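Trainee: my questions are about this predicted structure, shown below with the sequence.
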Amino acid sequence: PIVTALFARLFLKDKALSLNVIIGSLLAICGAAIVSLNGVFELAVHPLGDLMALGGMLCWGVYFILIVKANKCGLSVMAITRKSFGWAIVMMLPVMVWGATESGFYALDGSFSVCTDFELNVERFSRPLNCVNLCFLGLCASALAFVFWSKACAELGVVKTTMCLYQEPIIAVVFAVLFLGEKVSLISIIGGAVIAFGVYAANRSVRK
């Protein structure tokens, strides 16, 4: 969110990046760290993973700037989502078809390899559960979510909308309790409160 707000200030001349937004974002980041670490502090540097996370953060900021540009050009939310996902499918198709490992599953631990075994690759798509998972990820968790998100950016503004991303750790904890039976720790509650206060402080200045 803070990267998106900075990009909006640089490329869209959006004046929503105020001192309150910066302070609120820093508070929300601290709260997210408290929830994520959950009392276990382990500082480690992983250059490849850190660079990938940084790259993803920058790409996310650029994506929202492009959404705003597309909205100003008169493209509808559905058109933006359709074009984005259409090109994404084109880019992912080779990996989806030939990207199975020898065991038939993806692996990001360094053992990733491309398998050209036609039967193995076809087998993945012949399993009903895989098809159900694919439909859920494609339609609900991706397409529908991005339609709502693009609409929110158009209605509320890119800065105010992206500030809501800081609340993901809170939602993750709630879902973990409801569906995985995990217990809420005091540290998670404290971290969630810090996040909520940070988001409130940031969006309060945006509303003004």
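Mentor: That came through fine. Numbering: from 1, shown residues only.
Trainee: which non-adjacent residue is nearest residue 75?
Mentor: Once flanking residues are discounted, residue 75 sits nearest to residue 83: 8.0 Å by CB to CB, 6 or more residues apart in numbering. Where C-beta positions appear, they are placed from N, C-alpha and C, glycine not excepted.
Trainee: that neighbour sits in which helix or strand?
Mentor: helix 77-98 (DSSP states H and E).
Trainee: mind listing what's buried in that helix?
Mentor: Buried residues in helix 77-98, counted by 16 or more other CB atoms under 10 Å: 77, 80, 81, 84.
Trainee: residue contacts, residue 8?
Mentor: 14, 16, 17, 64, 65, 68, 158, 159 (CB atoms under 8 Å, 6 or more residues apart in numbering).
Trainee: lowest-confidence one in these?
Mentor: The pLDDT minimum for the contacts of residue 8 sits at residue 16, where the score is 67.
Trainee: related to what we said a few turns ago, which one of the contacts of residue 8 has the most neighbours?
Mentor: Neighbour counts for those peak at residue 159, which has 29 neighbours (criterion: other CB atoms under 10 Å).
Trainee: just checking, that one touches residue 21?
Mentor: Yes. Assessed by CB atoms under 8 Å, residue 159 is found in contact with residue 21 at 6.8 Å.
Trainee: worst-scoring helix or strand of the chain, pLDDT-wise?
Mentor: None of the helices or strands of the chain scores lower by mean pLDDT, DSSP states H and E than helix 118-126, at a mean of 70.
Trainee: re the thing from before, ok, the buried residues of helix 77-98 vs residue 196, which is closest?
Mentor: Using CB to CB, residue 77 comes nearest to residue 196 of those, at 27.9 Å.
Trainee: for the closest residue to that closest one other than its chain neighbours, list the residues it contacts.
Mentor: The shortest distance from residue 77 to any non-neighbouring residue, by CB to CB, 6+ apart, is to residue 150 (4.4 Å). Counting by CB under 8 Å, 6+ apart, residue 150 touches 67, 71, 77, 80, 81.
Trainee: state the distance from the last one to residue 63.
Mentor: So the one you mean is residue 81. According to CB to CB, to the nearest Å, residue 81 stands 12 Å off from residue 63.
Trainee: which helix in this structure has the most residues?
Mentor: helix 47-72 (DSSP state H).
Trainee: next, the angle from that one to helix 77-98.
Mentor: Counting by axes from the mean of the first three to the mean of the last three CA atoms, to 10 degrees, helix 47-72 lies at 150 degrees to helix 77-98.
Trainee: buried residues, helix 47-72. List them.
Mentor: Neighbour counts over helix 47-72 (16+ other CB under 10 Å) mark 61, 64, 65, 67, 68, 70, 71 as buried.
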